[in-house]
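> pasting the sequence and the predicted model now:
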Amino acid sequence: MEKDTHFILGVYDDEDVLLHAVEQVRGTGVKIHEVYSPYPVHGLEHVLGYKRSRLPIAAFLFGMLGTTLALTMQFYMMKFDWPMIIGGKNHAAFPDFIPVSFELTVLLASFGMVSVFMISSNLKPWAQPRIFDLRSTDDKHIMAIDIANNSAIEVDQIKEILRSSGATEVNNKSFE
Amino acid sequence: MAHHGEQHYNLEQRFDFTAATKKSIMTVLVIGAIILGIGIILGMTGVGHHEEAGEAGGHAFHWYERLFANLWINNVFFTGIALVGVFFFAIQFAAQAGWSTPLLRIMLSMGSWLPIAGILMIASFFLTGHSLFHWWHAELFDPASPEYDSIIDGKGAFFFWPLAKGSFPVFYIARMVIFFGFWVFFINKFKQISAQEDQLGGTSHWFKMRSWSAYFLVFFAVSSSISAWDWVMSIDTHWFSTLFGWYVFASWLVTAVSVITLITIFLKGRGYLEMVNQNHIHDLGKFVFGFSIFWTYLWFSQFLLIYYANIPEESVYFVERLTSDVYGPFIFVNLGLNFFLPFLVLMTRDAKRHGIFLKVVCSILVVGHWVDFFLMVQPGTLGHNGGIGFMEVGMFLVFGSAAALVVLGALSKTNLIAKNHPMLEESYHHHI
């Protein structure tokens, strides 16, 4: 069976049940593709066993880039390109550069972080999101299990595991 | 965290202030006193500084002025820590915070230093005020005198009203007494409501505490700012900065939150507060990190505007410090300890969640913000006769260990946990 095409969906209507279900399902050895929920469920990424995001590292690096760019730009402009005396200070008056450096640090850190997040989450504007179950945008939590990823376990057995973990419905979903 | 089972914590636990702990704090106090003694002897015999008559406002420098300045630095510094500990307590109620419930008694017990701090502050003002505060010199207000200072004359009523300028600073002392009086009143009120809550339970005490917290915060907002002008800014009588109250408050705030964190980690190390986990520590770490940046923001805002505008009567404050051999290096020590160190060390999540990083950073911050107050007080009072020597280290240790004895003593007198606080359950499940 092809990967990423045929899924079993467990539908949950309570976040506490969902959190326990995720632990239970993972405990039986079933690999969960993803869980979709209408709002952020506290602790979900933890029970799903996700590694901590490395986004802060990207933010730090972009921030450093911003600081470096800002300081280089100001030193170049004020010291070499077009020296100006402002308020009787040196051409390269370091304290004067701090506000601009701060602003560019924040700007690049936030733009960089948002861009990296968009790219790594595949959130390009023309992306066609796959909707597993429309109700995951309303009041249901959807646990998606890729059948191809769990070839060692019978489909019926997976469905039984989902039901016993508290799923109110268990559905099939296939994509082209 | 996903397991919301029944929690069984010992809510009746009390901090046992053991003889061994008392003894180690007493040892620090005695060591501090010895170092202070050495400092005083060195000062009396004139070792370590060059006396130059005619400096510092036309009078010769006496060794005891440095002692007075040290007394004042530590008075202001430790008063602030105690006061802002209670401020942080009140904020928890005003913000209806639940996560901090097991830490409330720590914050409240910090206020126990305030009655003593008040007596010390008022006594040392009577004893040392005349030599510390330039404005308390009658000749400044006498137009016939060659020392007449029209700027200070214009500000005189702020100190001396309703008496004649240059006589006795009634208004100043009245403010000091009223502030301490109200602060101690509010702390006693908080302690009283806490004790009632422990006995009776229910939510009514929480609502009562929230109202009193709100009154306290309003009073604190005004009084903390004015105390900063009175106790610190008036040393440099000609100079003023409109954000000085905030700046002093920010310094106190970082130190107080650092002290709360240190006491929490100390108690956890002793096996108390088992409901306090890494998430609570993380929140305290975020406060230390965030308020350190806030302090830097205020420090730099004050500096940059003065530096950039370069108006002589304003820039004199920084010229006095930056161009001085004694204080110049400490400006950078100040920024290094209070900004770069916490900023870089506490940036990651892991550093904020582990006691060992916080223990180191918070201890350094307490020293760092002492340096900040040192830089506010000494240049204006001692000029080039100041510096950090035996007297400074000794006085800091004496004050610090005395405050630790009082605060930990107060902590051991009541239950460590506000066991009937309606949000206690919420704090068990605090997760970030």
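Nice, I can see it. Quantities reported herein were computed from a predicted structural model and do not represent experimental measurements.
> the domain parsing of the chain - what is it?
Assuming you mean chain A. For chain A, automatic domain parsing gives the domain ranges A:6-52+A:134-174, A:55-120.
> wrong one, chain B
What automatic domain parsing lists as the domains of chain B is B:19-47+B:59-133+B:171-428, B:136-168.
> so, low pLDDT: which residues of chain A?
A:1 (pLDDT under 70).
> hmm, back to that, kindly reformat the domains of chain B as JSON lines containing mean neighbour count and distance to chain A.
In this view, the C-beta of every residue, glycine as well, is placed from N, C-alpha and C. Shown next, in JSON lines, are the domains of chain B (neighbours: other Cβ atoms under 10 Å in any protein chain shown; distance: least, Cβ to the nearest Cβ, whole Å):
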{"stretch": "domain B:19-47+B:59-133+B:171-428", "mean neighbour count": "19", "distance to chain A": "6"}
{"stretch": "domain B:136-168", "mean neighbour count": "15", "distance to chain A": "24"}
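> OK, contacts around the closest residue to chain B within chain A?
Residue nearest to chain B within chain A: residue A:19 (4.6 Å; Cβ to the nearest Cβ). Neighbouring residues of residue A:19 by Cβ atoms under 8 Å, 6 or more residues apart in numbering or on different chains: A:41, A:43, A:44, A:47, B:2.
> of those, closest to residue A:149?
residue A:47 (18.2 Å; Cβ to Cβ).
> quick check: the closest one touching residue A:21?
No: taking contacts as Cβ atoms under 8 Å, residue A:47 lies outside contact range of residue A:21: 9.2 Å.
> those two: who's more crowded?
A side-by-side neighbour count of residue A:47 and residue A:21, using other Cβ atoms under 10 Å in any protein chain shown, places residue A:21 first with 24 against 21.
> flag every buried residue along the helix or strand hosting residue A:99.
If you go by DSSP states H and E, residue A:99 is part of helix A:94-120. For helix A:94-120, the neighbour count (16 or more other Cβ atoms under 10 Å in any protein chain shown) marks A:96, A:97, A:101, A:104, A:105, A:108, A:109, A:112, A:113, A:116 as buried.
> elements contacting it?
On a contact count with 3 or more Cβ pairs under 8 Å, 6 or more residues apart in numbering or on different chains; DSSP states H and E, helix A:94-120 meets helix A:55-75, helix B:278-309.
> of all those helices, which lies closest to residue B:219?
Residue B:219 sits nearest to helix B:278-309 of all those, at 21.3 Å, using Cβ to Cβ.
> who touches the very next helix or strand once past that closest one?
Using DSSP H and E, the next helix or strand after helix B:278-309 towards the C-terminus is helix B:312-322. Residues from elsewhere that reach helix B:312-322 (Cβ under 8 Å, 6+ apart): B:236, B:238-239, B:241, B:303, B:306-307, B:309, B:327-328, B:330-331, B:375, B:379-380.
> and the residues you listed, which two are the farthest apart?
Every pair of these checked by Cβ to Cβ; the farthest is B:309 and B:330, at 23.9 Å.
> where do the strands sit along chain A?
A:6-12, A:34-36, A:141-146, A:169-174 (DSSP state E).
> most packed of these?
strand A:141-146 (a mean of 24; mean count of other Cβ atoms under 10 Å in any protein chain shown).
> gap between it and the chain center?
17 Å (Cα atoms, centre = their mean, to the nearest Å).
> helices or strands up against that strand?
strand A:6-12, helix A:15-27, strand A:34-36, helix A:155-164.
> mind running it again at 7 Å?
Under the contact criterion of 3 or more Cβ pairs under 7 Å, 6 or more residues apart in numbering or on different chains; DSSP states H and E, strand A:141-146 touches strand A:6-12, helix A:15-27, strand A:34-36.
> nearest to residue B:72, of the ones you listed?
The closest of the helices and strands packed on strand A:141-146 to residue B:72 is helix A:15-27. By Cβ to Cβ, the value is 56.3 Å.
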